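A.B. asks: What follows is a protein structure lacking sequence information:
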């Protein structure tokens, strides 16, 4: 299905036949492994558990409850059908006024009412993917580039590059300072691009970060604004995880810095937003470009004709977001449930010596599996990833697919499954790690025995595997996957 013959290449465009979508990445390969053998508690308990998809299912019950109580919000119900004609015929690419007002109010509420947003600056797009491509088309010509701190979301390679012809230049961040963005790293990446005669048009950041789950502090945001002002380049801030911050410190939006820094050139600041993560609506394809630049708002709105949000969706979303009592309850409950799930997940990993980068936002953890690498190389990372996918049956995403500069880090999502599935996933991880430690201990003993020329009997296999009472009833691991991987 994915193969394009030479005859087809002659018939199709360069964009159509290129690999710009990025499906050759391990990030997407993991999805394919899940799709071919999806886990189900009863129907397929030995299948692959999807931990590579950043979806928020923890509060879907609250949304369903609201929809059931508010049938007038949908034009496809007896209570809402009276507005069917007006909604179905509306096609102004500005969007429904009530929709833009509702989104602006929600963005303000998520940011603690510390800033306000102008509904007339809200431009619709087909999800965050469409919003990113839209802003790239507005800011860059083919061959121009954006600086992007690593590790970064693999989809950016598709969203900003595939059809626009733009490039992404990594700003390498290190674990030694918890992957913080520094002025030194920014300058190094910018200088490298200058030497390669690549024109830098902007800096793209995610705040909160995907995949780190961390937020940028005020000083870092000010450093970024100073940097882009000095270079006269744009700052694109992806804030689609703004409402997923579940612990202190609070989220600080770039919009707050714009208000505080009087020297800031507002024409260079643009925000990407969506309801896919904060509300768990990825299928609704609600993406937003919010720009402080009048010219960008004008041209982006015209370009948005290629990826508008349906008026049926706009109507439903507007009704929901304008219900302030519900929104207040949802924001609090969403944060509480995310915080509890994050704590349960990280504490279980910690019990077997696996740590995650300290974080307070997002739908995932940045898991440190460097101790499990045979050697600190990306080849070893891929070997470990194949074991986790094929033997442990978990789809986690390797750091190399996020352009991480250090091997051994993995993004693992925890909010896209129910409690029972999470228990199975954690049992599989714990089993795998403990068995790895058992094998390492045996290997060290064997090495010592060889050195001392002692011929001692090896322990039987049943002594190197977890006790039956600790194994998940759904675990697909009859023996350590590492044993199979080494054979």
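C.D. replies: Structure's in. What do you need? Predicted model, so just to flag it, every value in this text is computed and none were measured.
A.B. asks: does the residue nearest the centre of the chain count as helix, strand or coil?
C.D. replies: The centre of the chain sits closest to residue 210, judged by C-alpha atoms, centre = their mean, with a distance of 4.3 Å. At residue 210 the chain is in coil, as set by DSSP: H, G, I helix; E, B strand; the rest coil.
A.B. asks: Just the pLDDT at it, thanks.
C.D. replies: Residue 210 carries a pLDDT value of 97.
A.B. asks: That one: what's its closest spatial neighbour, skipping adjacent residues?
C.D. replies: Using C-beta to C-beta, 6 or more residues apart in numbering and skipping the chain neighbours, the partner closest in space to residue 210 is residue 153 (4.7 Å). Backbone N, C-alpha and C define where each C-beta goes, glycine included.
A.B. asks: Under a three-state scheme, what state does the residue lying closest to residue 321 once chain neighbours are set aside occupy?
C.D. replies: Of all residues beyond its chain neighbours, the one nearest residue 321 is residue 102 (3.8 Å), with distances taken as C-beta to C-beta, 6+ apart. Taken by three-state DSSP, the conformation at residue 102 corresponds to helix.
A.B. asks: Repeat that for the one 10 residues further on.
C.D. replies: Under the three-state scheme (three-state DSSP), the conformation of residue 112 reads as coil.
A.B. asks: now residue 365
C.D. replies: strand.
A.B. asks: Contacts only, for it.
C.D. replies: Each residue near residue 365 by C-beta atoms under 8 Å, 6 or more residues apart in numbering is listed here: 213, 342, 345, 346, 349, 356, 357, 359, 411, 412, 414.
A.B. asks: hang on, the residue nearest to residue 321 packs against residue 318?
C.D. replies: Yes - counting by C-beta atoms under 8 Å, residue 102 touches residue 318, with 4.4 Å between them.
A.B. asks: Now do the strands in the stretch 351-487 of the chain.
C.D. replies: Listed in chain order, the strands of the stretch 351-487 of the chain (DSSP state E, counting those that start in this stretch) span 355-356, 364-368, 394-395, 397-398, 409-413.
A.B. asks: Quick one: mean pLDDT for the last one?
C.D. replies: If I follow you right, that is strand 409-413. Rounded mean pLDDT across strand 409-413 is 98.
A.B. asks: Does anything pack onto that strand? Which helices or strands?
C.D. replies: Counting contacts by 3 or more C-beta pairs under 8 Å, 6 or more residues apart in numbering; DSSP states H and E, strand 409-413 packs against strand 364-368, strand 397-398.
A.B. asks: what's the most buried one of those strands?
C.D. replies: Mean neighbour count (mean count of other C-beta atoms under 10 Å) peaks for strand 397-398 among the helices and strands packed on strand 409-413, with a mean of 28.
A.B. asks: what about that strand, distance to the chain center?
C.D. replies: 12 Å (C-alpha atoms, centre = their mean, to the nearest Å).
A.B. asks: change the start of the numbering to 46 and stick with it
C.D. replies: Okay, residue one is now 46; in that scheme the one you just asked about reads as strand 442-443.
A.B. asks: what's it in contact with?
C.D. replies: Contacts for strand 442-443 (C-beta under 8 Å, 6+ apart): 71-72, 75, 97, 199, 256, 426-427, 430, 454-457.
A.B. asks: Just checking: what are the partner strands of that strand?
C.D. replies: strand 454-458 (antiparallel) (DSSP bridges).
A.B. asks: How about the partner strand, which residues are buried there?
C.D. replies: Under the neighbour-count criterion of 16 or more other C-beta atoms under 10 Å, strand 454-458 has 454, 455, 456, 457, 458 buried.
A.B. asks: Looking at these, spot the one nearest residue 85.
C.D. replies: Nearest to residue 85 among those, counting by C-beta to C-beta, is residue 458 at 17.7 Å.
A.B. asks: Is that closest one in contact with residue 97, as I believe?
C.D. replies: Yes - the pair formed by residue 458 and residue 97 meets the contact definition of C-beta under 8 Å, at 6.4 Å.
A.B. asks: give the contact list for residue 300.
C.D. replies: Applying C-beta under 8 Å, 6+ apart, the residues near residue 300 are 156, 160, 162, 316.
A.B. asks: ok, and the most crowded of the residues you listed?
C.D. replies: residue 316 (27 neighbours; other C-beta atoms under 10 Å).
A.B. asks: List the beta-bridge partners for that one.
C.D. replies: residue 282, residue 335.
A.B. asks: quick one: pLDDT of the residue nearest to residue 366?
C.D. replies: Residue 147 is given a pLDDT of 96.
A.B. asks: re earlier: reformat the contacts of strand 442-443 as TSV; add distance to residue 246.
C.D. replies: Output for the contacts of strand 442-443, formatted as TSV (distance: C-beta to C-beta, whole Å):
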residue	distance to residue 246
71	29
72	25
75	32
97	31
199	21
256	24
426	32
427	33
430	34
454	29
455	32
456	28
457	33
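A.B. asks: Let me see the ranges of the helices in the stretch 196-345 of the chain.
C.D. replies: 201-204, 228-240, 263-276, 299-305, 339-348 (DSSP state H, counting those that start in this stretch).
A.B. asks: can I get the ones you listed in JSON lines with distance to residue 84 and mean pLDDT?
C.D. replies: As requested, these are exported to JSON lines (distance: least, C-beta to C-beta, whole Å; pLDDT from 0 to 100):
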{"stretch": "helix 201-204", "distance to residue 84": "26", "mean pLDDT": "93"}
{"stretch": "helix 228-240", "distance to residue 84": "39", "mean pLDDT": "97"}
{"stretch": "helix 263-276", "distance to residue 84": "39", "mean pLDDT": "97"}
{"stretch": "helix 299-305", "distance to residue 84": "39", "mean pLDDT": "95"}
{"stretch": "helix 339-348", "distance to residue 84": "40", "mean pLDDT": "95"}
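A.B. asks: ok, back up a step: return the closest of the contacts of residue 300 with respect to residue 58.
C.D. replies: residue 316 (32.0 Å).
A.B. asks: Report the mean per-residue pLDDT for stretch 181-191.
C.D. replies: Stretch 181-191 shows a mean pLDDT of 97.
A.B. asks: list the buried ones in that stretch?
C.D. replies: Counting neighbours by 16+ other C-beta under 10 Å, stretch 181-191 gives 181, 182, 183, 184, 185, 189, 190, 191 as buried.
A.B. asks: remind me, longest helix of the protein?
C.D. replies: helix 464-497 (DSSP state H).
A.B. asks: what about that helix, distance to the chain center?
C.D. replies: On C-alpha atoms, centre = their mean, the centre of helix 464-497 falls 29 Å from that of its chain.
A.B. asks: Alright, I will stop here.
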